[in-house]
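**Student:** here is my input; please provide its structure:
(one chain, ligands or ions: 2)
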Amino acid sequence: MTTTKATNITWHHSQVARKDREEILQQRGCTIWLTGLPSSGKSTTAYALEHQLIQRGYLAYVLDGDNIRHGLNNNLGFSAEDRQENIRRIGEVSKLMADCGVITITSFISPYEREREFARTLHKTHGLGFVEVYVHASLATCEKRDPKGLYKKARAGQLKNFTGIDDPYEIPLHPDLVAETERYSPEELACKIIQYLLKLRYLQSEDRRSDLNKAWTLYTASLAAR
Ligand SMILES: Nc1ncnc2c1ncn2[C@@H]1O[C@H](COP(=O)(O)OP(=O)(O)O)[C@@H](O)[C@H]1O
Ligand SMILES: [Mg+2]
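**Tutor:** Ligands and ions are numbered 1, 2, ... in the order given. Here you go, the predicted structure:
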């Protein structure tokens, strides 16, 4: 995707394997990649999923488009080149986080198939789970929702390169899941994704919170007894 400029670099191997981290966390790292039109419901679904996972005792973290553009990617705009770099970085960061053992949820329009494929391949070649979720609502619904008023601005010609209006969105051809936000609530969709993760054995059991609480109580009791 980008030409590599770094030279004279050598990979330094760690003494620790991914499974050592996963053993501490008692979960398998993976990335849940949400893609869809603006206002399709990506952020809402992502944060509902993160909330439910944390409530069940799993370590999860959202990388959200707008939030990441406040920091790491604040030097990128919305040209095709910058969108590509935006997604390349998120592909790399989510891979690192999944390698840490975290259930990483990315919430980006990610309009191009090629970039999504790059992220998928990056995960697969490192033996990491990657679940592509197409967050879907019709363009008409997205435009009606428009909580940030961006469709309105784009239609008025005040905002250029807006996905769905004057910039393309390539519909995922083979998503692992489709999240229909016109039919289901964010909580229902989070539940459906969790069911899928359980089926694929990225998650161990329905609810780990009570197990974790028990382990924590035993641990603190053992410290007190010293
Ligand atoms: N499952 C859903 N059902 C109904 N409305 C939803 C759903 N998911 C999101 N929304 C609404 O759609 C709008 C856009 O959601 P948001 O998550 O900000 O979209 P995106 O991150 O894709 O731009 C918000 O007003 C939100 O409340
Ligand atoms: Mg969003």
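**Student:** up against ligand 1, what does this protein have?
**Tutor:** Selection of the chain residues close to ligand 1 by C-beta under 6 Å from any ligand atom yields 36, 38-45, 107, 145, 147, 181, 184-186, 189. No exception for glycine: its C-beta is placed from N, CA and C like everyone else's.
**Student:** low pLDDT regions in this structure?
**Tutor:** For the chain, the stretches with pLDDT under 70 are 1-3, 205-211.
**Student:** and the residue of it nearest ligand 1?
**Tutor:** Using C-beta to the nearest ligand atom, residue 41 is the residue of the chain that sits closest to ligand 1, at 2.9 Å.
**Student:** do I have it right that that residue meets residue 133?
**Tutor:** No. Taking contacts as C-beta atoms under 8 Å, residue 41 lies outside contact range of residue 133: 10.6 Å.
**Student:** okay, and the common contacts of the two?
**Tutor:** residue 179 (C-beta atoms under 8 Å, 6 or more residues apart in numbering).
**Student:** buried stuff in stretch 160-178?
**Tutor:** 162, 163, 164, 165, 167, 169, 172, 175, 176, 177 (16 or more other C-beta atoms under 10 Å).
**Student:** right, and the first one touches residue 156 too?
**Tutor:** No. Judged on C-beta under 8 Å, residue 162 makes no contact with residue 156 at a distance of 10.8 Å.
**Student:** can you give me the strands in this structure?
**Tutor:** Residue ranges of the strands in the chain, as given by DSSP state E, are 30-35, 60-64, 103-107, 129-136, 177-180.
**Student:** will you turn those into CSV that also has distance to residue 195?
**Tutor:** Below are the strands of the chain laid out as CSV (distance: least, C-beta to C-beta, whole Å):
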stretch, distance to residue 195
strand 30-35, 13
strand 60-64, 15
strand 103-107, 14
strand 129-136, 12
strand 177-180, 10
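**Student:** what angle do the helix ranked longest in the chain and strand 30-35 make?
**Tutor:** Looking across the chain with DSSP state H, the single longest helix is helix 80-100. Between helix 80-100 and strand 30-35, the angle comes out at 150 degrees (axes from the mean of the first three to the mean of the last three C-alpha atoms, to 10 degrees).
**Student:** residues in contact with helix 80-100: which ones?
**Tutor:** Residues contacting helix 80-100 (C-beta under 8 Å, 6+ apart): 1-2, 18, 21, 29-31, 33, 61, 63, 65, 68-69, 72-73, 76, 104, 106, 108, 110-112, 115-116, 118-119, 122-123, 126, 128-129.
**Student:** and the gap between residue 194 and residue 45?
**Tutor:** 12 Å (C-beta to C-beta, to the nearest Å).
**Student:** again, but for residue 212
**Tutor:** Residue 212 is 25 Å from residue 45, by C-beta to C-beta.
**Student:** so between those two, which is more surrounded?
**Tutor:** residue 45 (29 against 14; other C-beta atoms under 10 Å).
**Student:** quick one: the helices in the protein?
**Tutor:** Using DSSP H, helices in the chain cover 18-25, 42-55, 65-70, 80-100, 113-125, 139-145, 150-155, 186-199, 209-224.
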